[in-house]
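Novice: Sharing a model prediction with you, sequence too.
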Amino acid sequence: MKSKFIAVLIPLSLLCAGSAFAETTSCASQINNLQQQIDSATKAGNHNEVLSMQKALTETRQHCTETGQLERAKQKIVEEKEDVRKAGQEVSEATSSLQEARARGASDKILKAENKLTEKQAKLARKTDDLKAAEADLSVLQK
């Protein structure tokens, strides 16, 4: 029973992981990646994974278009820009809270506000990195 569960779980996890990768990569890259996974699964003798990957390959060949991938990449940039904007706003709010805490002179509130500001700055950095990655994906697709 355990081996059947694992046999089903592995292909599903690969498909889920592949969908994040597939979101803004070229169709040719997706097809190449799936073919490599099929080859690896074949060599490993994992029949269930081979079948799952072959189904994914068929679906990708039928439904993936470069125009669609380009549109998804553009939409992802719009979403990432909004996330960066929101994170920047959170940093501004945290900065204001810290300034207020310092003006009051409450050391416990200052420490709390400093920690919150550090957390919000880290979030902004992550969101900025995500935006840069999305822009890089779009750049690759436009070539």
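Specialist: Received, thanks. Residues are numbered from 1 along each chain as shown.

Novice: Go through the helix or strand containing Ser29 and flag the buried ones.
Specialist: For Ser29, the host element (DSSP states H and E) is helix 27-44. Residues of helix 27-44 classed as buried by neighbour count (16 or more other C-beta atoms under 10 Å): Cys27, Gln30, Asn33, Leu34, Gln37, Ile38, Ala41. For every residue, glycine as well, the C-beta is placed using N, CA and C.

Novice: repeat for stretch 74-82
Specialist: Lys76, Ile77, Glu80.

Novice: do the same with stretch 131-143
Specialist: Quick answer for stretch 131-143 (16+ other C-beta under 10 Å): Leu131, Ala134, Asp137, Leu138, Leu141.

Novice: Please list the outside residues in contact with it.
Specialist: 24-26, 66, 69-70, 73-74, 76-77, 80-81, 83-84 (C-beta atoms under 8 Å, 6 or more residues apart in numbering).

Novice: Filter these down to the ones in helices?
Specialist: Glu66, Gln69, Leu70, Ala73, Lys74, Lys76, Ile77, Glu80, Lys81, Asp83, Val84 (DSSP state H).

Novice: quick one: low-confidence ranges for the chain?
Specialist: By pLDDT under 70, the low-scoring segments of the chain are 1-24.

Novice: ok so, going back, can you name the element that comes right after the helix holding Ser29?
Specialist: Where DSSP H and E defines the elements, the next helix or strand beyond helix 27-44 is helix 47-63.

Novice: Could you identify the most distant pair in the ones in helices among the contacts of stretch 131-143?
Specialist: For the ones in helices among the contacts of stretch 131-143, the maximum inter-member distance is 26.7 Å, found between Glu66 and Val84 (C-beta to C-beta).

Novice: OK, contacts around the nearest residue to Gln54 once chain neighbours are set aside?
Specialist: Setting aside the residues directly before and after it, Gln54 is nearest to Ile38 in space (C-beta to C-beta, 6 or more residues apart in numbering), at 6.2 Å. Contacts for Ile38 were tallied using C-beta under 8 Å, 6+ apart; they are Val50, Met53, Gln54, Leu57.
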